[in-house]
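[1] Coordinates only, no sequence provided:
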């Protein structure tokens, strides 16, 4: 009886943590709850080894939660694959397994083995979260890594898919967030309020510039005389603006933009100027520094790859091939400047390459 009571307490604790982990993106009006009926049918999933490779990923579904998975040794990655429809948002959240303090790192792949997003510490404590807008129906794979300095090795993973609610970008205090460049959107200023700039209605976007670079913003419209302005904050200092180009719209080019957060405002040039528009934002940023040498040794009987410390990259992709001429295939991902090939020398490969990925 005591053992059953303890198991019940552990289960309740994990369920409480799961709900908190998934709620970070759940503050939506009650009238939208019907969109999330899948959460009511959430299923508890147990991790199944081996799942160290993308091809070995455990299948999960939207609304599922992987309970108390374990990463041992520390360089042992876990993979989970989920089918997601275009137009949904895929939300991945790692959280504590019965009080564990595992330092996780999340990576999201598409069905072409391309890395779409990654995250280290945006979850509670040192856990991770990814919120990605799905533009193409297909299978998406989550890789969970354990940082070497992690105190624990167990974690839970919440997999959530939901139809995104369009952001209100009428006010500068609630701009539409630009998470990835290049960016494209179609919007309208019709029916919006006026907060800054001219006396016409305005809408707002916000983006983070991670490194000094050049930005190009184009607003196109056939319906009203539009202008675009770049600000340092909410109705803050005006850095640059344009009111001509692309039919009745405007084209703005700004150079050597410092690191920081910037607000883009779209509005009409006069009181009665309002209507539909499209906006595109692109950037020309410095190339990501790449490793100039790769040393392969042995640690614990496994191939150990090491390369010089670089400044700027957020993570590294490791590739392998059976010959120096390739073709090279995706092997793994790491946030360190070294990598342990967990498949070992038994695998028919002896040639490696490393690609650095920067946050821009």
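    The structure has been received and is ready for your questions. This structure is a prediction, so every number in the text was calculated from the model and none was measured.
[2] Surely residue 159 is within a strand?
    Yes: the assignment for residue 159 (DSSP: H, G, I helix; E, B strand; the rest coil) places it in a strand.
[3] separation between it and residue 132?
    The gap separating residue 159 from residue 132 is 12 Å, by Cβ to Cβ, to the nearest Å. Just so you know, the C-beta spots here come from the backbone N, C-alpha and C atoms, and that holds for glycine as well.
[4] before we move on, what about residue 151?
    For residue 151, the distance to residue 132 - Cβ to Cβ - is 28 Å.
[5] Repeat that for residue 108.
    6 Å.
[6] Next, show the common contact partners of those two.
    90, 92, 116-117, 140 (Cβ atoms under 8 Å, 6 or more residues apart in numbering).
[7] Generate CSV for these, with secondary structure and pLDDT as supplementary columns.
    Below are the shared contacts of residue 108 and residue 132 laid out as CSV (DSSP: H, G, I helix; E, B strand; the rest coil; pLDDT from 0 to 100):
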residue, secondary structure, pLDDT
90, strand, 90
92, strand, 94
116, strand, 85
117, strand, 84
140, strand, 95
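[8] and which of those residues is nearest to residue 231?
    residue 117 (26.9 Å; Cβ to Cβ).
[9] if we can go back for a sec, farthest-apart pair in the shared contacts of residue 108 and residue 132, please.
    92 and 116 (10.9 Å).
[10] any common contacting residues for these two?
    With Cβ under 8 Å, 6+ apart, residue 92 and residue 116 have common neighbours 108, 132.
[11] hmm, back to that, of the shared contacts of residue 108 and residue 132, which is the most crowded?
    Within these, most neighbours by other Cβ atoms under 10 Å means residue 92, with 25 neighbours.
[12] Verify the stated contact: that residue with residue 159.
    Yes: assessed by Cβ atoms under 8 Å, residue 92 is found in contact with residue 159 at 6.3 Å.
[13] Mind listing the shared neighbours of the two?
    residue 142.
[14] what's the domain layout of this protein?
    Per automatic domain parsing, the structural domains of the chain span 2-162, 176-284, 295-357.
[15] quick one: which of those domains is nearest residue 168?
    Comparing these under Cβ to Cβ, the one sitting nearest is domain 176-284, at 8.4 Å.
[16] now the closest one, how far from the centre of its chain.
    Centre-to-centre, domain 176-284 and its host chain are 23 Å apart (Cα atoms, centre = their mean, to the nearest Å).
[17] ends of that domain, how far apart?
    22 Å (Cα to Cα, to the nearest Å).
[18] contacting residues around residue 137?
    Contacts of residue 137 by Cβ under 8 Å, 6+ apart are 84-86.
[19] Put together TSV for the residues you listed, with secondary structure on each row.
    As requested, the contacts of residue 137 are arranged in TSV below (three-state DSSP):
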residue	secondary structure
84	strand
85	coil
86	coil
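[20] Just the buried residues from those residues, in ChimeraX please.
    Here is the ChimeraX command that picks out the buried ones among those, judged by 16 or more other Cβ atoms under 10 Å:
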select :84
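[21] could you pull out the strands for the stretch 51-200 of the chain?
    58-60, 65-70, 78-84, 89-95, 104-109, 115-119, 129-133, 138-146, 154-162, 176-177, 183-188 (DSSP state E, counting those that start in this stretch).
[22] Show me what the helix or strand just after the last one packs onto, helices and strands only.
    The helix or strand immediately downstream of strand 183-188 is strand 202-209, counting by DSSP states H and E. Strand 202-209 makes packing contacts with strand 176-177, strand 183-188, strand 260-268, strand 276-284 when contacts are defined by 3 or more Cβ pairs under 8 Å, 6 or more residues apart in numbering; DSSP states H and E.
[23] List of residues touching the shortest one?
    In this case it means strand 176-177. So strand 176-177 is contacted by 167, 169, 185, 187, 203-207 (Cβ under 8 Å, 6+ apart).
[24] Mind picking the one among those that's closest to residue 147?
    residue 207 (27.9 Å).
[25] Next up, the contacts around the most centrally placed residue in the chain.
    By Cα atoms, centre = their mean, the chain has its centre lying nearest to residue 117, at 3.6 Å. Neighbour list for residue 117: 107-108, 130, 132 [criterion: Cβ under 8 Å, 6+ apart].
[26] Tell me how far the residue lying closest to residue 227 once chain neighbours are set aside lies from residue 79.
    In this structure, residue 227 finds its nearest non-sequential neighbour in residue 243, 3.9 Å apart by Cβ to Cβ, 6 or more residues apart in numbering. According to Cβ to Cβ, residue 243 and residue 79 sit 50 Å apart.
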